[in-house]
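S.K.: The sequence and its predicted three-dimensional model are supplied below.
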Amino acid sequence: EFIEYSRLNSDYEFIFSGVGGQLMQKQNFSSIFPMEDLSVMGIFEILPHIPKLVNRINFTVKKIIEFQPDYIITIDSPDFCFRVIKKLKKYSFFNQVKKIHLIAPSVWAYRENRAQKVAKLYNLLLAILPFEPPYFEKYGLKTKFIGHPIIDDNPTLSEMELLRSSFFKTYQINKDDKIILLTPGSRIGEVKKIFPEFIKAINMLKNNINSFTVVVLVVKKTQKIIEELSQEIQAPFKIVDSSHKKLILSSADFAIAKSGTNSVEISLYKIPQIIAYKINSFTHQIIKRIVKIKYANLLNIIANREIIPELLQDNCNPQKIYDEMLKLINNKKLAQIQIEESQKSLISLGLGKIDNPMKIAVTEIIKL
């Protein structure tokens, strides 16, 4: 989307190269290696991948030097991106090239001292959370709140009604069925950890809820493992590729989601949900000691209270998932309160106030 807007809203002719996924490559973006190589999370989980990641950092630095860009735009992935930029500092062209980072590191959650280090590496930081700019501006880094990219996907009621009608026809599901959406993640490791818990909870719900169909949202690399594990689901289910995400989000009545951006998107479509997630127990113990925030879900963080139930670590178990889901399904008032309170947090992210985050990002970069 950023690439598309930069070409439509500028007099410059941009040539893009770097590390990007399939959607970026559809915009004639040349990726120097698969972006999936960087999709490793956790502290202990990352250890076996360190040699490959170091190799990717060095390779990226080499390619940037060869490319001699006018702009270096890094997106999220701070452990990778900041190491690349830091290695480039010793080269003569470093001060001439404009360096921009999109999605500020979560210094408000842990390691606040990173803000000063980031300020020494970049000319511009584009933040997606409204409270982030002051953390970096005090160190002289120009920081602009552009809104959360997810808000640009805000659907109209008529769009959702059309998509919902299409969904039931396409997948031949009874229109009276409740649709329970499962989003177990985009990484194989997390799917193996949390999806079996989701399935057991669904099987418990089957005995208490009439006429529902489960829809599992998958990406290409998790499809095989999800298809295997889904054979344990004792209710009607459909496995749907994430390319049909809007269709599913417009049709779901409830959701069990992993913690992350997907849960923000689910709230955008006004779907009552619970968050369930677990990571390596050693990683969790370390995170507990360094993280300063109470909640994992972004909308809960903004509200500073638990709008959306969070079942983390030991609480991410079938019984607790079942209990929370049953409450939401059986209590319409509770579900409606969650929807209304989530909308307030989404407004803080720019919903209804910011036209298009990527358009703002392009404008700010060109102004540099």
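M.R.: That came through fine.

S.K.: How much space separates the nearest residue to residue 364 once chain neighbours are set aside from residue 127?
M.R.: If the residues on either side of it in the chain are set aside, residue 364 comes closest to residue 144, at 5.1 Å by Cβ to Cβ, 6 or more residues apart in numbering. In this view, the C-beta of every residue, glycine as well, is placed from N, C-alpha and C. Note on residue 144: its distance to residue 127, by Cβ to Cβ, to the nearest Å, is 7 Å.

S.K.: Can you pull the residues that touch both of these two?
M.R.: The contact sets of residue 144 and residue 127 overlap at residue 133 (Cβ atoms under 8 Å, 6 or more residues apart in numbering).

S.K.: So between the two, which is more surrounded?
M.R.: When residue 144 and residue 127 are compared for neighbours, residue 127 comes out ahead with 22 against 17, by other Cβ atoms under 10 Å.

S.K.: burial of the closest residue to that one other than its chain neighbours, as a residue count?
M.R.: Leaving aside its chain neighbours, residue 127 sits nearest to residue 104 (4.3 Å; criterion: Cβ to Cβ, 6+ apart). The number of residues packed near residue 104 is 24, by other Cβ under 10 Å.

S.K.: Equivalent analysis for the one 5 residues further on, please.
M.R.: Applying other Cβ under 10 Å, we find 15 residues neighbouring residue 109.

S.K.: Which element, helix or strand, includes it?
M.R.: Following DSSP states H and E, one finds residue 109 outside all helices and strands.

S.K.: can you pull the contacts of it?
M.R.: Applying Cβ under 8 Å, 6+ apart, the residues contacting residue 109 are 291-293.

S.K.: Quick check: it vs residue 278, distance?
M.R.: 19 Å.

S.K.: got the contact list for the residue nearest to residue 364?
M.R.: Counting by Cβ under 8 Å, 6+ apart, residue 144 touches 124-127, 133, 360, 364.

S.K.: Surely it is in a helix?
M.R.: No. Looking at residue 144 with DSSP: H, G, I helix; E, B strand; the rest coil, it is strand, so not inside a helix.

S.K.: what's the distance between it and residue 113?
M.R.: Taking Cβ to Cβ, one finds residue 144 at 22 Å from residue 113.

S.K.: can you pull out the strands in the stretch 151-300 of the chain?
M.R.: All strands of the stretch 151-300 of the chain, identified by DSSP state E, counting those that start in this stretch, fall at 178-183, 212-218, 237-241, 254-257, 273-277.

S.K.: Reformat the ones you listed as a markdown table; add distance to residue 27 and mean pLDDT.
M.R.: Converted to a markdown table, the strands of the stretch 151-300 of the chain look like this (distance: least, Cβ to Cβ, whole Å; pLDDT from 0 to 100):
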| stretch | distance to residue 27 | mean pLDDT |
| --- | --- | --- |
| strand 178-183 | 26 | 97 |
| strand 212-218 | 23 | 96 |
| strand 237-241 | 20 | 95 |
| strand 254-257 | 28 | 98 |
| strand 273-277 | 31 | 97 |
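
S.K.: between these, which one is nearest to residue 24?
M.R.: Among the strands of the stretch 151-300 of the chain, strand 237-241 comes nearest to residue 24, with 18.3 Å by Cβ to Cβ.

S.K.: who's in contact with that closest one?
M.R.: Contacts for strand 237-241 (Cβ under 8 Å, 6+ apart): 171, 173, 213-220, 223, 226-227, 230, 247-248.

S.K.: pretty sure residue 324 is touching residue 274, no?
M.R.: Yes. Between residue 324 and residue 274 there is a contact at 4.6 Å, judged by Cβ atoms under 8 Å.

S.K.: which residues are in contact with both of those two?
M.R.: 309, 311.

S.K.: Tell me where this structure is predicted with low confidence.
M.R.: Filtered on pLDDT under 70, the chain yields the residue ranges 7-11, 39-47, 49.

S.K.: Excluding sequence neighbours, find me the nearest residue to the one residue sitting closest to the centre of the chain.
M.R.: Nearest to the geometric centre of the chain sits residue 261, at 2.9 Å (Cα atoms, centre = their mean). Nearest residue to residue 261 in three dimensions, chain neighbours excluded: residue 150, at 6.4 Å (Cβ to Cβ, 6+ apart).

S.K.: got the contact list for the one you found?
M.R.: 261, 264-265, 268, 349.

S.K.: tell me which of those residues is nearest to residue 58?
M.R.: Of these, the one sitting nearest to residue 58 (Cβ to Cβ) turns out to be residue 261, at 29.2 Å.

S.K.: Okay, helices next: where are they in the stretch 51-200 of the chain?
M.R.: Assigned by DSSP state H, counting those that start in this stretch, the helices in the stretch 51-200 of the chain fall at 78-88, 114-119, 133-137, 157-170, 188-205.

S.K.: Name the residues that touch the last one?
M.R.: Surrounding helix 188-205, the residues in contact under the criterion Cβ under 8 Å, 6+ apart are 41, 45, 180, 182, 184-185, 212, 214, 221-222, 225-226, 229-230, 232-235, 256, 258, 276-279, 316-319, 321-322, 325-326, 329.

S.K.: swap in the second one?
M.R.: Outside helix 114-119, the residues within contact range by Cβ under 8 Å, 6+ apart are 78, 82, 101, 104-105, 107, 125, 135-136, 138-141.
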